[in-house]
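Undergrad: fold the stuff below for me.
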Amino acid sequence: MNDLFSDLDCGIVARLADNAVAETLSGEQPWHAHPIFAGVALKHLVTGAQTGGRFSAHLVRLEPGAEIGDHLHEASWELHEVAAGSGRCLLGGRPIDYAPGVAAVLPQNVPHSVRAGLDGLRLLAKFVPALL
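TA: Next up is the predicted model:
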């Protein structure tokens, strides 16, 4: 598959002025199982330590049928960009169908959840200010 998610996962990135960020974006970054939600893994591309807390970016991989349950971020806005797969986000009780090319803005303090469809789901999630 030749898409943004796969490219980032393999470490294919544009040249960046900040070598610390370029190193972080390499394919050597590990996947981390989500500490709460089964079937969900994260790869931290850019963290608040590298941006002075301004933003963070993460690849999110949900296995088929996996769910990131209802939660909110008190201090951060979140942007989801769907790279592959399908699913649904419930944002403040309102459903948003997720498919490649869909982007969703999730305001701070608004409860949301994400469930992957039968083919799983791949997201690029960005947080302002940084989540991690």
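Undergrad: so how far is Ala57 from the residue lying closest to Leu62 once chain neighbours are set aside?
TA: Closest residue to Leu62 apart from its sequence neighbours, by C-beta to C-beta, 6 or more residues apart in numbering: Ala116 at 3.8 Å. Glycine gets a C-beta too; all of them are placed from N, C-alpha and C. Ala116 is 20 Å from Ala57, where distance means C-beta to C-beta, to the nearest Å.
Undergrad: what's the answer for His34, then?
TA: For His34, the distance to Ala57 - C-beta to C-beta - is 16 Å.
Undergrad: which of the two has more neighbours?
TA: Between His34 and Ala57, Ala57 has the larger neighbour count (other C-beta atoms under 10 Å), namely 23 against 15.
Undergrad: can you show me the strands along the protein?
TA: Assigned by DSSP state E, the chain shows strands spanning 32-33, 40-46, 56-62, 67-71, 77-91, 94-98, 103-106, 112-128.
Undergrad: ranking these by burial, who's on top?
TA: strand 56-62 (a mean of 22; mean count of other C-beta atoms under 10 Å).
Undergrad: check the offset of that one from the chain's centre.
TA: 3 Å (C-alpha atoms, centre = their mean, to the nearest Å).
Undergrad: touching, Leu131 and Ser76? I think so.
TA: Yes - between Leu131 and Ser76 there is a contact under C-beta atoms under 8 Å: 5.5 Å.
Undergrad: do you know how far the residue nearest to Leu59 when sequence neighbours are not counted is from Gly120?
TA: Sequence neighbours aside, Lys43 is the residue nearest to Leu59 in space, at 4.2 Å (criterion: C-beta to C-beta, 6+ apart). To Gly120, Lys43 is 15 Å away according to C-beta to C-beta.
Undergrad: likewise His71?
TA: His71 is 20 Å from Gly120, by C-beta to C-beta.
Undergrad: repeat that for His73.
TA: For His73, the distance to Gly120 - C-beta to C-beta - is 23 Å.
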